[in-house]
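> A structural model of the following input is requested.
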Amino acid sequence: MDEMLNRLKRTDLFIGLALAVIALLAYLATLTPSLSYQSPDGNELATIPYVLGLAHMPGYPLYTWLGKLFTFLPFGDIAHRVNLMSAVCAAFGVAGIYLITTMILHPRLASLSARRAGAAFAALIFAFSPTFWSQALIAEVYTANIAMIVMSLLMLLRWEITRRDRDFFLFALIYGLSLGTHISNLGFAPAIGLFVLLTDRSVLKRPSWWIAAAAGFSIGAAQYLWLPLRAKTLIDQRLIGNAPLTLKGLYNYTLGAFPQLKFAFEMSELPDRVVVYIYLLWDQFSLIGVLLGIIGLFSLLYRRTRHYYLLMGMYLVHTWFFIQYRAFDLEVFFIPAHFLWAIFIAFGMVELMRAIKTWLQQLNAGQIATVARWAVVGVVIAMGLYPLMKNDASSDRSNDVNTNDFYANVWTYLPENSTLLSRTGVMGYDAFYWQLAYDTRPDVVLPSLPTHNPSYSDLQGRELFSTTPLNGVNQNRGLGALTKDVIPAGTWQTPVLVGSQGLIGSRNRLVLYRLSRQAPALVVDEAQPDLEIHADLGNLTLLGVDISDKAVESGGCLHLILYWDLQRLEPITLTTFIGEQTLETRELGFGNLKRYNAEVGRVTNGVIVEDYWLVIPSTIQPGSHGINIHIQGVGETVEIGGIEVINEEETMERWLRIAN
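Reported below is the predicted structural model:
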């Protein structure tokens, strides 16, 4: 009997490993190559592990240490290696769903094939759910947190079998460590405590058990002593104001973090918040997954009551807290709840397969029924893989190169001993990464990085550039906002380098501005473009264009000068394409026309000149490509010329060469 059980365990471990490999291969094929704006703090979380700094509240010490281990990998850049950690942790979480489910499912509940098929189905449907998949591709804490939750539950279930104090010590240690990937895991404690009581309340009478539990958890939670040791690495004024250097500061940085986001809704709003959560759940698992999960809940309650209270208790506490949490990226906070729901789905699928088996047995068809049962198992596994095919295109981040392409050209463009103003704090790591990880262009001063209160006097004698629009810099609000006196009133911002928007989203425009007290040469009396076009676009006429080079390396940049005649001052939105790929969407004159007309004039009595460099994404295939500009509202598209894209170097090699 023991040999048979060991063989079954080995088979389940093999199946779990196979599921992890399937998931990991999909994640690797769609992995983000380096930096990304997919997460608001992902670039910080890609950098902090390498420098062993202190991340934003609540600090994430365990995540930082794990990330540091991955930075020792001998391939890719630093950000790519930390992205890879998310993929590996996600794959481990997928295997964990299978193993946890098969441990809870008792042999008397269903046949071996049904149990394994149901568990595999749940693992696959969770692996390729859109939100979890998205977090498996970037530097973020959520898949590492799922990996820690999996390890905690597996060890707790092992203790349930052995009842040994040393196993509970290991569980408590792992659970304490899991707080370093997300401190909200602390909310699972009541459900865990109830599970212990329902399993073996006699442990409460054993001092050795109490010592094991307290010692394990304390050792794991002691990781937060890392925070005061690394508080000096903080670079954001608002975080420094809550630096974890005292007991009060440590509390404010951890359990007391983000009080404005917690329980942010009135009781009357909670029904609407529940609806929001149901929508998110539906989006992950579809109607079938929601219904199977509901069936699984009743199955778990009836057949495995003790485990129902454990998993349902964890689920309710987590969803109740985050339903009342105010965040624009709310969907990612529910990933642990989705993980638990996937286990409910497994139980629901097993119940469905039990019902099908009963129906087939009633047919009394012998061999036909056996073949049909195995066919059902195959269909279940195929259904689990359906989200892979459904969400593959929308989840693919392998072409998310725009951030790196842009900054590779920024560091090449900036003059010697210039100053670059970027977003500050957590949001500024798209620029900080290069100097912190690679010491790129140390002659360029990043005031947001080495000092906490930059002022205009600190920037004197240097050419000023910015990757942040001034109307955002001059407002002292939001996490890490610069003080108002950094840029004097009346400063002009002139775009000199524009990155491709690609997959970065509307919150992050990649533009390098030159800052000056002098108005730019936005309007001239007449123009003599190299290529005359004279495209009549109603209120606007494209007179011509200068294109510096006819051959551009992918990932490099193209110098464009556009000449326009505007009859009437009004906002006009332009979109530039290379082939069918959108490179940029902007307002004519990059938003400077209204001010220029008021302070300088001649906007409608001269020729508007737009002179800037445009980044050609490194994902553009070599060959000939046309460049087109679409005028929104008018609906006209004008071809302004063509270029030859050449690919002389691999993308990653080019990024690393410029970084170093």
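
> does anything pack onto the helix or strand harbouring residue 50? Which helices or strands?
Using DSSP states H and E, residue 50 sits within helix 42-51. Packing partners of helix 42-51 (3 or more C-beta pairs under 8 Å, 6 or more residues apart in numbering; DSSP states H and E): helix 61-70, helix 78-104, helix 429-438. The C-beta positions use only the backbone N, C-alpha and C, and glycine is treated the same way.

> show me where the stretch 351-500 of the chain has its helices.
Using DSSP state H, counting those that start in this stretch, the helices of the stretch 351-500 of the chain run over residues 367-395, 402-413, 429-438, 470-473.

> kindly report the same for the stretch 151-300 of the chain.
165-178, 189-200, 207-221, 226-230, 237-240, 247-253, 270-303.

> what distance do you get for the closest residue to residue 418 other than its chain neighbours to residue 349?
Setting aside the residues directly before and after it, residue 418 is nearest to residue 463 in space (C-beta to C-beta, 6 or more residues apart in numbering), at 4.3 Å. With distances taken as C-beta to C-beta, to the nearest Å, residue 463 is found 63 Å from residue 349.

> any stretches of the stretch 401-550 of the chain with poor pLDDT?
For the stretch 401-550 of the chain, the stretches with pLDDT under 70 are 450-458, 471-485, 502-508.

> now with 50, please.
Applying pLDDT under 50 to the stretch 401-550 of the chain flags residues 472-476, 480, 506.

> since we're on the closest residue to residue 596 other than its chain neighbours, how many residues are nearby?
Distances taken as C-beta to C-beta, 6+ apart place residue 522 nearest to residue 596, at 5.1 Å, with adjacent residues excluded. Residues lying near residue 522 (other C-beta atoms under 10 Å) number 23.

> export the helices and strands packed on helix 42-51 to TSV and tack on mean neighbour count and distance to residue 319?
As requested, the helices and strands packed on helix 42-51 are arranged in TSV below (neighbours: other C-beta atoms under 10 Å; distance: least, C-beta to C-beta, whole Å):
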stretch	mean neighbour count	distance to residue 319
helix 61-70	21	23
helix 78-104	25	18
helix 429-438	23	31
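
> including distance to residue 606, could those go into a markdown table?
Shown next, in a markdown table, are those (distance: least, C-beta to C-beta, whole Å):
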| stretch | distance to residue 606 |
| --- | --- |
| helix 61-70 | 54 |
| helix 78-104 | 45 |
| helix 429-438 | 35 |
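
> just the helices of the stretch 151-300 of the chain: most buried one?
Scoring those by mean neighbour count under mean count of other C-beta atoms under 10 Å gives helix 165-178 as the most buried, with a mean of 22.

> and the contacts of that one?
Residues from elsewhere that reach helix 165-178, judged by C-beta atoms under 8 Å, 6 or more residues apart in numbering: 62, 145, 148-149, 151-152, 155-156, 158-159, 185, 188, 192, 203, 206, 208-209, 211-223.

> which of the helices of the stretch 151-300 of the chain sits closest to residue 104?
helix 270-303 (8.0 Å; C-beta to C-beta).

> what about that closest one, distance to the chain center?
Remark: helix 270-303 is offset 24 Å from the chain centroid, using C-alpha atoms, centre = their mean, to the nearest Å.

> coming back round to it: so which of residue 463 and residue 349 has more stuff around it?
Neighbours per residue (other C-beta under 10 Å) separate residue 463 from residue 349, with residue 349 holding more: 31 against 16.

> and that one, how far is that from residue 553?
Distance, residue 349 to residue 553, using C-beta to C-beta: 51 Å.

> sounds good, over and out.
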